[in-house]
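Novice: pasting the structure only:
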């Protein structure tokens, strides 16, 4: 039994007392082929420090065997020793049989670190050496996808699919439908998903499939994929927002509310879930739940104008006028948007505080002067204000342009 085999046996038996001695004996006595196999096995077992010693020894003995430099460089890159690894890779000359592998390792390193143009240059060099190598084509397809060159990526993925279904751990049909979706070709993407529906295993791929199905109005399938995502990973927060959108397509308010509440259990800082959940609760007539959701949202996001306006709308609807006014008491006028002034006008009017109501109506008027509902409300307010006949006439003229069949307002205009 070689010293390399003895070392591997001791590791499998979790006996590490002799590992350094056995390693040195292997380096001193075993044949190069056995040492190369030892290094590969040590890497696979996770004993990369020992593997590095073997590769360094082999490189010292066989400096022209560049493949050992590549294997060592890959370990060094994983260890964060990037400078040492890149020095090894750049030391491999163009004429070497391992030069292509060196380019691929460099391209993978630069892509992983976001240096996509540099990675691309390495692959462009690689394709000159090996234009028919699928590993090079796949690398280029991935970079095309990442850099937004989706047409080129699509061509490359389709070409690869004519020869294989998988590339490493990547399912090429998954890449294909995602690329089609990026190009806006959702129907074609959905067809690819349907053809491979039983083979969508990756959780992110299922989420992407749900996005496509939602785009083509196949909400049932979107919901199916999203529920699978949530079953696999209940804390996949983005899935809940998409699930709400899918149930919105179906008009299922109860499920919208349930999905929003479930999602907020994992992400309390998602304003969309508060907004959509509250809207669904209102449509279901569950005003208490809607109010609770909006208050909770504002607790976590006190500066969210949309949540505050939605709560204001709810207060107006429920005739909680004091609460509505208090909601904006700490904000200055320049922080209030026109819909807020409208709501405040209604609350002040309901409480008999006509001076404040008049001020708020006038502040809202520039934004809503073409809104028939607003004009009708402001007309009804000013009809009871002293010395306001001319204002009411002007408002009525504007209103009747928008709603000429409103007999009540037409009669009022005639009487004036």
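Specialist: Alright, I've got the coordinates. If you're wondering where the values come from, they're calculated on a predicted model, not measured in any experiment.

Novice: nearest spatial neighbour of the residue most central in space within the chain, chain-adjacent residues omitted?
Specialist: Centroid-nearest residue in the chain: residue 238, 6.7 Å away (criterion: C-alpha atoms, centre = their mean). Of all residues not flanking residue 238 in the chain, residue 207 sits nearest, at 7.0 Å (C-beta to C-beta, 6 or more residues apart in numbering). (Glycine included, C-beta is placed from N, CA and C.)

Novice: and the host helix or strand of that neighbour, what other elements does it pack with?
Specialist: Element membership of residue 207, judged by DSSP states H and E, is helix 203-215. On a contact count with 3 or more C-beta pairs under 8 Å, 6 or more residues apart in numbering; DSSP states H and E, helix 203-215 meets helix 172-182, helix 186-195, helix 219-232, helix 237-250.

Novice: now the host helix or strand of residue 76: mean pLDDT?
Specialist: Element membership for residue 76, per DSSP H and E: helix 66-78. Averaging pLDDT along helix 66-78 yields 95.

Novice: name the helices or strands packed onto the following helix or strand past that helix?
Specialist: As assigned by DSSP H and E, the chain's next helix or strand after helix 66-78 is helix 82-90. Counting contacts by 3+ C-beta pairs under 8 Å, 6+ apart, helix 82-90 is packed against helix 66-78, helix 99-112.

Novice: out of the ones you listed, nearest to residue 318?
Specialist: helix 99-112 (54.5 Å; C-beta to C-beta).

Novice: other SSEs contacting the helix or strand following the closest one?
Specialist: Using DSSP H and E, the next helix or strand after helix 99-112 towards the C-terminus is helix 116-129. Helices and strands touching helix 116-129, as assessed by 3+ C-beta pairs under 8 Å, 6+ apart, comprise helix 99-112, helix 134-146.

Novice: export these as TSV, with columns for mean neighbour count.
Specialist: Below are the helices and strands packed on helix 116-129 laid out as TSV (neighbours: other C-beta atoms under 10 Å):
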stretch	mean neighbour count
helix 99-112	20
helix 134-146	21
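
Novice: turn those helices into JSON lines, columns for distance to residue 412.
Specialist: Converted to JSON lines, the helices and strands packed on helix 116-129 look like this (distance: least, C-beta to C-beta, whole Å):
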{"stretch": "helix 99-112", "distance to residue 412": "71"}
{"stretch": "helix 134-146", "distance to residue 412": "64"}
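
Novice: I'd like these as a markdown table, with mean pLDDT appended.
Specialist: Conversion of the helices and strands packed on helix 116-129 to a markdown table gives the following (pLDDT from 0 to 100):
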| stretch | mean pLDDT |
| --- | --- |
| helix 99-112 | 96 |
| helix 134-146 | 96 |
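
Novice: with respect to residue 10, which of those helices lies nearest?
Specialist: helix 99-112 (31.0 Å).

Novice: verify the stated contact: residue 88 with residue 74.
Specialist: No. Contact status for residue 88 versus residue 74: not in contact, 9.6 Å apart, counting by C-beta atoms under 8 Å.

Novice: who's more crowded, the two?
Specialist: Higher neighbour count among residue 88 and residue 74: residue 88, with 24 against 20, using other C-beta atoms under 10 Å.

Novice: for the more buried one, give me the pLDDT.
Specialist: 94.

Novice: check contacts around it.
Specialist: Residues near residue 88 by C-beta atoms under 8 Å, 6 or more residues apart in numbering: 69-70, 72-73, 76.

Novice: now tabulate those residues in TSV and tack on neighbour count.
Specialist: Supplementary listing: these in TSV, determined by neighbours: other C-beta under 10 Å:
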residue	neighbour count
69	25
70	21
72	26
73	27
76	21
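
Novice: closest to residue 123 among those?
Specialist: Using C-beta to C-beta, those come closest to residue 123 at residue 70, 16.2 Å.

Novice: residue 84 versus that closest one, what's the distance?
Specialist: When distance is defined by C-beta to C-beta, to the nearest Å, residue 70 is 13 Å away from residue 84.

Novice: same deal with residue 210?
Specialist: For residue 210, the distance to residue 84 (C-beta to C-beta) stands at 44 Å.

Novice: ok, residue 111 next?
Specialist: Taking C-beta to C-beta, one finds residue 111 at 20 Å from residue 84.

Novice: same thing with residue 339?
Specialist: Distance from residue 339 to residue 84, by C-beta to C-beta: 62 Å.

Novice: about what we covered before: from residue 239, how far off is the residue nearest to residue 238?
Specialist: Residue 207 sits at a distance of 6 Å from residue 239 (criterion: C-beta to C-beta).

Novice: give the residues shared as contacts by those two.
Specialist: Residues touching both residue 207 and residue 239 (C-beta under 8 Å, 6+ apart) are 226, 229.

Novice: with neighbour numbers in mind, choose between the two.
Specialist: residue 239 (26 against 20).

Novice: isn't that one up against residue 229?
Specialist: Yes. Look at residue 239 against residue 229 with C-beta under 8 Å: they come within range, at 4.6 Å.
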